[in-house]
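In: Whatever this is, show me its structure:
(4 chains)
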Protein chains: 2
Amino acid sequence: MTPSPIKVLLAEDQSMVREALAALLGLEPDIEVVAQAARGDEVLDAVRAHAPDVALLDIEMPGATGLEAAEQLQAAFPDLKVVILTTFGRPGYLRRAMESGASAFLVKDAPAAQLAEAVRKVLAGEKVIDPALAAAALAEGADPLTDRERDVLREAADGATNAELATRLHLSQGTVRNYLSTAIQKLAARNRADAVRIAREKGWL
Amino acid sequence: MTPSPIKVLLAEDQSMVREALAALLGLEPDIEVVAQAARGDEVLDAVRAHAPDVALLDIEMPGATGLEAAEQLQAAFPDLKVVILTTFGRPGYLRRAMESGASAFLVKDAPAAQLAEAVRKVLAGEKVIDPALAAAALAEGADPLTDRERDVLREAADGATNAELATRLHLSQGTVRNYLSTAIQKLAARNRADAVRIAREKGWL
DNA sequence: CCCCCCGTATGACACCTGTCATGCCGGACC
DNA sequence: GGTCCGGCATGACAGGTGTCATACGGGGGG
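Out: Next up, the predicted model:
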């Protein structure tokens, strides 16, 4: 017997990687890539048009991140299974992926065989998470930053001065410095650049 | 007639991407992936063992970068064609790739079809370079930084203070500040963080 | 109702950073 | 042999940054 194949949507911004992953999945007889998206904000429409069983989402994409897309998908299509596929095994990403209702979280340096396997498993109702990463995510606790502290850090990432940050965020310079100061302390950083680096590593930006 | 297939070595640190690219190339009847490497410092041995016609190298790899590997390969195997495949279309990377004797420079967000095409072209003696990127590389000129300025910038990337930089590099704090100051001016940056960002973008770090 | 947290703001202080002038040494190039 | 550049250093100054105390209004929880 040949049951109808699993229909997969693949969202990843780098064409070469996306099409290569499609080729990889195409080798599996029980999986069919029915749609591809190069941007996060194309995902919802693609799902509407092709009704896949599983959505495979990269995190770093223009338009919207895979995490944002996952959230929208869960709201609109509760039965659709979401697999997050990312370059960076950042604990904060994993946490947000789970909160967004994803069923699996894969890093791109895992063996390729795990991809098809994960697709089958999530469809069977299982969750797929690297145990080491799960431990790391639980160990470090949640993001300690407030929304505004995160905003300021994000804007500060490109080397902007306090004056520029104040303008961009419509705040006084003093307020910007207050937020940066508390963020630096919460992250145990030496200065703003260090704080940005730490927040990035943890997946909090 | 079926001529013997083109033998390709594939070096890329993310297993999933590497194996996916292998699957993609495997779809081409005239191309065979005879070896894979996950680290830059495995490339030379892999070439010795499998004598490929073309080496496909990612830049960002542990052990040694694809650019370093390319240089070694050109010295040891002048007839081997090298294709650099990278996430980041940084002009400085392209420049260094060409200086290392690479025959092609592809970015991962180019269409997948260009990969096999590039392999065939370099074997035929052609060079494969994105014209827009080539223009950018030529337009911006060469890296203006001196070796020490680059050293200091690289160490400053993680948010280190002048005192730490001085210790790490066995310099006086004043010297560190001098190097950073000249680097900031050469890169037209606002401060060290901005300078790090700019140098990274250009592929000079 | 009170307290705590968040967002926002100010002022003051110490310290860090970026700039500039200046100096010395060694190598490269004419 | 002189000139230029790179590596290294010092000192001084201005302005940017990080910290802290303090303040006020609003929202949520006990």
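
In: mind checking the SS state of the closest residue to DNA strand C within chain A?
Out: Residue nearest to DNA strand C within chain A: A:Gly174 (2.2 Å; C-beta to the nearest atom of the strand). The C-beta positions use only the backbone N, C-alpha and C, and glycine is treated the same way. Of the three states, A:Gly174 takes helix according to DSSP: H, G, I helix; E, B strand; the rest coil.

In: Report the separation between it and A:Asp41.
Out: With distances taken as C-beta to C-beta, to the nearest Å, A:Gly174 is found 37 Å from A:Asp41.

In: Tell me which of these two has more neighbours.
Out: Counted by other C-beta atoms under 10 Å in any protein chain shown, A:Gly174 and A:Asp41 do not tie: A:Asp41 has more neighbours, with 14 against 10.

In: Where does the more buried one sit: helix, strand or coil?
Out: helix.

In: got a list of what it touches?
Out: In this structure, A:Asp41 makes contact with A:63-64, A:69, judged by C-beta atoms under 8 Å, 6 or more residues apart in numbering or on different chains.

In: how far away is it from A:Phe88?
Out: 21 Å.

In: The lowest-mean-pLDDT helix or strand in chain A vs chain B: in contact?
Out: Lowest mean confidence among the helices and strands of chain A (mean pLDDT, DSSP states H and E): helix A:131-139, at a mean of 86. No - applying C-beta under 8 Å from any C-beta of the partner chain, one finds helix A:131-139 out of contact with chain B, separated by at least 14.9 Å.

In: Buried residues of that helix, list them for me.
Out: A:133-134, A:137 (16 or more other C-beta atoms under 10 Å in any protein chain shown).

In: Also stretch A:77-96?
Out: Neighbour counts over stretch A:77-96 (16+ other C-beta under 10 Å) mark A:77, A:80-87, A:89-96 as buried.

In: Break chain A down into its structural domains.
Out: Using automatic domain parsing, the domain ranges for chain A come out as A:6-139, A:147-202.

In: hang on, the earlier thing: for A:Ala23, state which of the contacts of A:Asp41 is nearest.
Out: Distance to A:Ala23, by C-beta to C-beta, is smallest for A:Ala69 among these, at 22.7 Å.

In: pLDDT weak spots in chain A?
Out: A:1-2 (pLDDT under 70).

In: quick one, strands of it?
Out: A:6-11, A:31-37, A:54-58, A:81-86, A:104-107, A:128-129 (DSSP state E).

In: burial of the closest residue to A:Ala55 other than its chain neighbours, as a residue count?
Out: Spatial nearest neighbour of A:Ala55, excluding adjacent residues (C-beta to C-beta, 6 or more residues apart in numbering or on different chains): A:Leu9 at 4.6 Å. Residues contacting A:Leu9 under the criterion other C-beta under 10 Å number 25.

In: swap in the one 4 residues further on?
Out: Using other C-beta under 10 Å, the number of residues around A:Asp13 comes to 18.

In: Tell me who's in contact with it.
Out: Applying C-beta under 8 Å, 6+ apart, the residues contacting A:Asp13 are A:38-39, A:58, A:60-62, B:109.

In: where's the residue most central in space within chain A relative to A:Pro131, distance?
Out: Chain A has A:Ile59 as the residue nearest its centroid, 3.4 Å off, counting by C-alpha atoms, centre = their mean. Distance from A:Ile59 to A:Pro131, counting by C-beta to C-beta: 20 Å.

In: about what we covered before: return a PyMOL selection command for the buried portion of the contacts of A:Asp13.
Out: Filtering the contacts of A:Asp13 down to the buried ones (16+ other C-beta under 10 Å) takes a single PyMOL command:
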select buried, (chain A and resi 38+58+61) or (chain B and resi 109)
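
In: so A:Lys202 makes contact with A:Arg95?
Out: No - the pair A:Lys202 / A:Arg95 is not scored as a contact, 9.5 Å apart, by C-beta atoms under 8 Å.

In: Find residues that contact each of these two.
Out: Between them, A:Lys202 and A:Arg95 share the contacting residues A:Asp143, judged by C-beta under 8 Å, 6+ apart.

In: right, and A:Pro29 touches A:Pro5 too?
Out: Yes - here A:Pro29 reaches A:Pro5: they are 7.4 Å apart, a contact under C-beta under 8 Å.
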